[in-house]
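Chemist: what would the 3D arrangement of this be:
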Amino acid sequence: MSAYLKAYQLAQTQPQDFWREQALKLPWYRFPQTILSNDENGIERWFADGELNTCHLALDQHVEAGRGDQTALIYDSPVTGTKVQYSYQVLRDQVAKTAGMLADLGVSKGDRVVIYMPMIPEAAMAMLACARLGAIHSVVFGGFAPNELAVRIEDAEPTVILTASCGIEVNKVIPYKPLVDKAIMDSRWKPEHVVVFQRNACRADLSEARDGDWQALKNKADMHPCVPVKATDPLYILYTSGTTGKPKGVVRDNGGHAVAMKYSMETIYDVEPGDVFWAASDVGWVVGHSYIVYAPLIHGCTTIMFEGKPVKTPDPGAFWRVCNDYSVNVLFSAPTAFRAIKKEDPNGALLVDYPMTSLKAIYMAGERLDPPTLEWVQEKTGRPVIDHWWQTETGWAIASNPVGLESFAIKPGSATMPVPGYGVVVLDELGDEKSTNQQGFIAIKRPLPPGCLPTVWRNHDRFQSGYLSQFPGYYVSGDGGYIDEEGYLFVMGRIDDVINVAGHRLSTGEMEEVVGGHEAVAECAVIGIHDELKGQLPLGLVVLKDGYYSADGVIEKELLQKVRHEIGAVACFNRALVVERLPKTRSGKILRRVIRQIADGEQYVVPSTIDDPSSLGEIEKALN
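Modeler: Numbering: from 1, shown residues only. So this is what the prediction gives:
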């Protein structure tokens, strides 16, 4: 039996034995005797009687083991020209002082702290300091609109807000303090303290009674020890957009999360302590929580915080430069980042300057990885590109190529195999399992493995109705797809991205694959729009690579012919529009639902997560 199959079957048939073995790899204060049990809501919980501290796992254990001089965190900021490296010893001491600062402000175990910061080391220190105290952090992406921050403040009810005076982007400085003040004014909940880390690009006015200067408060604080917490105590709340418009507070526990993070670094990313791991994301997203801050440090790796973009900081060689400068072993980012690089440097000319001799593999997640992007990155870098699929709710990958166990052949469009611990099935509308190669609802058998959400913050009914009630005994992912004859999982997109054309259920993801395969296309989106006769018709929106122009609609015509040839006339793909850019969230997800609402002439709400609201106006103009 293969190493993967052995692990997968053991995790399915003997989950308590399997996860107990993984838990033994961490230094607990009190090792759990109860591996799996049910809480008062009937939800499965891992390691309920165990005690530990996540900050101790991430920092102190390595210092105590004599590895304090190893580099823990590299900060590289092309927008400020700053580069700093922190050893495990130095980072531990900085975090302990930050925890002391919070304790001096009255923060203790179970209290909430909202962190509204840019990609600077103090953001990671703030997260780890909360974990050190047993406080619950909730990171809100720096620069979010005040009304969105206010909603999160009301829900989390923080004792303290930690922020910076500003965020810095390409040719733009965004003052944060006025946004925080407006959010507090709009919120029914008023935090006791707002602590501001002053940045030279824009210093904040600290005239409110609740305001405090980060550096001054930290300087007079003592280093605070780690506070033991239960494995089931919350580590953080991370808000994700909800269909009702009210964000959902995904809760992550301490024990299951730590075990899952450690296991994933070995099994999915195949890295060892001392390796350099770079997740090119933001701490405002789940990737930043799991793979900038917690997993690499728990595993004893060096992690990188990059305050920049894949392009324009200063050019599309930024990722390659960082990988080369710091001997990165594994790079992880969203497909949209590589599509931006491909658009500006379609021939990969800048790669010549950066041999990246240490880079073993490139991982992508966060949205569907279209085969043309996968193939472009593999061809230009000469490295394997590993597509893996996961969600804010799970905190780590549901499906991946488990290269730490064994390496499977890459199939473009597939996230490869379910990771041990995840019982992935494809169901029809009645909850019956679909046959091989038949599309349906992707669901996961309960119990979910460690690290997945056990509830929604202060709204367990929403957790039940949103994830567990549709198919009893399963967690519903909200994504659709299929499993092929070799067990490979293909995630085709959100369930509502399947359109019904004259009775034929068609995947827009499949059409995007075909459209994205045209040599001129940098990125694309296909949506279903209302049609009186056929119910829905597909509409393609494409962004062209630099240097390509659609004279007299030639490229559009070629795209229509390509879809007809590769999918068939049944697709009714009769309209493709070239646009300058696609509206996206800050994390790079294309806002397909909003595009669909615009195309159908419906009222729509501009999402709080949008990167640039003016992109919606461009879509409206193109469609009219």
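
Chemist: where do the strands of the stretch 101-250 of the chain begin and end?
Modeler: Secondary structure of the stretch 101-250 of the chain, counting by DSSP state E, counting those that start in this stretch: strands at 112-116, 136-139, 160-164, 166-169, 172-175, 193-197, 211-213, 229-230, 234-240, 248-253.

Chemist: who touches the last one?
Modeler: The list of residues contacting strand 248-253 from outside it, by C-beta atoms under 8 Å, 6 or more residues apart in numbering, reads 45-46, 138, 152, 155-156, 231-242, 286, 289, 392-393, 395, 451, 453-459, 462, 466. All C-beta atoms are positioned from the backbone trio N, CA, C, and that covers glycine.

Chemist: just stretch 448-459 next, same as before
Modeler: Stretch 448-459 is contacted by residues 11, 15, 19, 22, 39, 41, 43-47, 155-156, 232, 234, 237, 248-253, 255-257, 259-261, 393-396, 419, 421-422, 462-463, 466, 475 when judged by C-beta under 8 Å, 6+ apart.

Chemist: of those residues, select the buried ones using a PyMOL command.
Modeler: What follows is the PyMOL syntax for the buried subset of those, where burial is set by 16 or more other C-beta atoms under 10 Å:
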select buried, resi 11+15+19+22+43+44+45+46+47+155+156+232+234+237+248+249+250+251+252+253+255+256+257+259+260+261+393+394+395+396+419+421+422+462+463+466+475
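
Chemist: and the next element down the chain from whichever strand or helix holds I298?
Modeler: I298 belongs to helix 295-299 when assigned by DSSP states H and E. Sequence-wise, the next helix or strand downstream of helix 295-299 (DSSP H and E) is strand 302-306.

Chemist: in the helix or strand following that next one, which residues are buried?
Modeler: Scanning forward in sequence from strand 302-306 by DSSP H and E, the next helix or strand is helix 318-325. By 16+ other C-beta under 10 Å, the buried positions in helix 318-325 come out as 318-324.

Chemist: now the two most distant members of those.
Modeler: A318 and N324 (10.8 Å; C-beta to C-beta).

Chemist: the stretch 401-550 of the chain: strands as residue ranges?
Modeler: Counting by DSSP E, counting those that start in this stretch, the strands of the stretch 401-550 of the chain are 417-418, 423-427, 440-445, 474-483, 489-494, 498-501, 504-507, 521-531, 535-544.

Chemist: closest one to Q603 among these?
Modeler: Of all the strands of the stretch 401-550 of the chain, strand 521-531 comes closest under C-beta to C-beta, at 14.2 Å.

Chemist: mean confidence for that closest one?
Modeler: Strand 521-531 shows an average pLDDT of 90 in the prediction.

Chemist: got the contact list for that strand?
Modeler: 336, 339, 342-343, 346, 370, 372-373, 497, 499-501, 508-509, 511-512, 515-516, 536-546, 559, 573, 582, 590, 592, 595-596, 599-600.

Chemist: filter those down to the buried ones.
Modeler: Taking 16+ other C-beta under 10 Å as the criterion, what is buried in the contacts of strand 521-531 is 336, 339, 342-343, 346, 370, 372-373, 497, 499, 501, 508-509, 511-512, 515-516, 536-545, 559, 573, 582, 590, 592, 595-596, 599.

Chemist: give me the domain ranges for this protein.
Modeler: Here the domain parsing of the chain from automatic domain parsing is 3-308+388-481, 502-623.

Chemist: alpha carbons only: can I get stretch 91-103 in CSV?
Modeler: The C-alpha trace of stretch 91-103 is given here as CSV (Å, rounded to 0.1, in the frame of the first residue of the first chain):
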residue,chain,number,x,y,z
LEU,A,91,11.2,37.8,17.9
ARG,A,92,10.3,35.9,21.1
ASP,A,93,11.5,38.9,23.2
GLN,A,94,9.6,41.4,21.0
VAL,A,95,6.4,39.4,21.2
ALA,A,96,6.8,39.0,25.0
LYS,A,97,7.1,42.7,25.4
THR,A,98,4.1,43.3,23.1
ALA,A,99,2.1,40.8,25.3
GLY,A,100,3.2,42.8,28.3
MET,A,101,2.0,46.0,26.7
LEU,A,102,-1.4,44.4,26.1
ALA,A,103,-1.6,43.0,29.7
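
Chemist: who's in contact with that stretch?
Modeler: 55, 59-60, 63, 68, 72-73, 86, 113, 121-122, 125-126, 128-130, 132-133, 135, 160, 195, 214, 217-218, 221-225.

Chemist: among those, the buried ones, what's the ChimeraX command?
Modeler: Remark: buried members of the contacts of stretch 91-103, expressed as a ChimeraX selection using 16+ other C-beta under 10 Å:
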select :55,59,60,63,68,72,73,86,113,121,122,125,126,128,129,130,132,133,135,160,195,214,217,218,221,224
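
Chemist: still on that earlier bit, just checking, what packs against the helix holding I298?
Modeler: helix 255-267, strand 276-279, strand 302-306 (3 or more C-beta pairs under 8 Å, 6 or more residues apart in numbering; DSSP states H and E).

Chemist: want to try a markdown table for these, with mean pLDDT as columns?
Modeler: Output for the helices and strands packed on helix 295-299, formatted as a markdown table (pLDDT from 0 to 100):
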| stretch | mean pLDDT |
| --- | --- |
| helix 255-267 | 98 |
| strand 276-279 | 98 |
| strand 302-306 | 98 |
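
Chemist: R210 is nearest to which of the ones you listed?
Modeler: Among these, the nearest to R210 by C-beta to C-beta is strand 302-306 (27.8 Å).

Chemist: list the contacts of the closest one.
Modeler: In this structure, residues lying in contact with strand 302-306 by C-beta under 8 Å, 6+ apart are 70-77, 119-121, 123-124, 274-280, 283, 291-293, 296-297, 322, 326, 328.

Chemist: can you turn the buried part of those into a ChimeraX selection?
Modeler: Selection of buried members from the contacts of strand 302-306 for ChimeraX, criterion 16+ other C-beta under 10 Å:
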select :70,71,72,73,74,75,76,77,119,120,121,123,124,275,276,277,278,279,280,283,291,292,293,296,297,322,326,328
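
Chemist: tell me the contacts of I590?
Modeler: Counted by C-beta under 8 Å, 6+ apart, I590 has contacts 336, 367, 523, 525, 582-584.

Chemist: for H257, same thing?
Modeler: Per C-beta under 8 Å, 6+ apart, neighbours of H257: 54, 235, 294, 395, 450-451.

Chemist: from the contact counts, what lies against the strand or helix carrying H565?
Modeler: Take DSSP H and E as the rule and H565 turns out to sit in helix 554-566. Where contact means 3+ C-beta pairs under 8 Å, 6+ apart, helix 554-566 is packed against helix 508-516, strand 535-544, strand 576-578.

Chemist: how about a cut-off of 6 Å?
Modeler: helix 508-516 (3 or more C-beta pairs under 6 Å, 6 or more residues apart in numbering; DSSP states H and E).

Chemist: per-residue pLDDT, the residue lying closest to V456 once chain neighbours are set aside?
Modeler: Nearest residue to V456 in three dimensions, chain neighbours excluded: F463, at 4.2 Å (C-beta to C-beta, 6 or more residues apart in numbering). What the model reports for F463 is a pLDDT of 96.

Chemist: F463 and K218, how far apart?
Modeler: Distance, F463 to K218, by C-beta to C-beta, to the nearest Å: 36 Å.

Chemist: quick one: secondary structure of the residue most central in space within the chain?
Modeler: Centre of the chain computed as the mean C-alpha position; nearest residue by C-alpha atoms, centre = their mean is V287, 3.5 Å away. Of the three states, V287 takes helix under DSSP: H, G, I helix; E, B strand; the rest coil.

Chemist: most distant residue from the centre of the protein?
Modeler: By C-alpha atoms, centre = their mean, the chain has its most distant residue from the centre at D552, 39.9 Å.

Chemist: what's the spacing between that residue and E580?
Modeler: Counting by C-beta to C-beta - D552 and E580 are separated by 19 Å.

Chemist: and S327, by the same measure?
Modeler: As judged by C-beta to C-beta, S327 and E580 stand 37 Å apart.

Chemist: and Y549, by the same measure?
Modeler: For Y549, the distance to E580 - C-beta to C-beta - is 12 Å.

Chemist: touching, P447 and I43? I think so.
Modeler: No. With contact defined as C-beta atoms under 6 Å, P447 does not count as touching I43 (8.7 Å).
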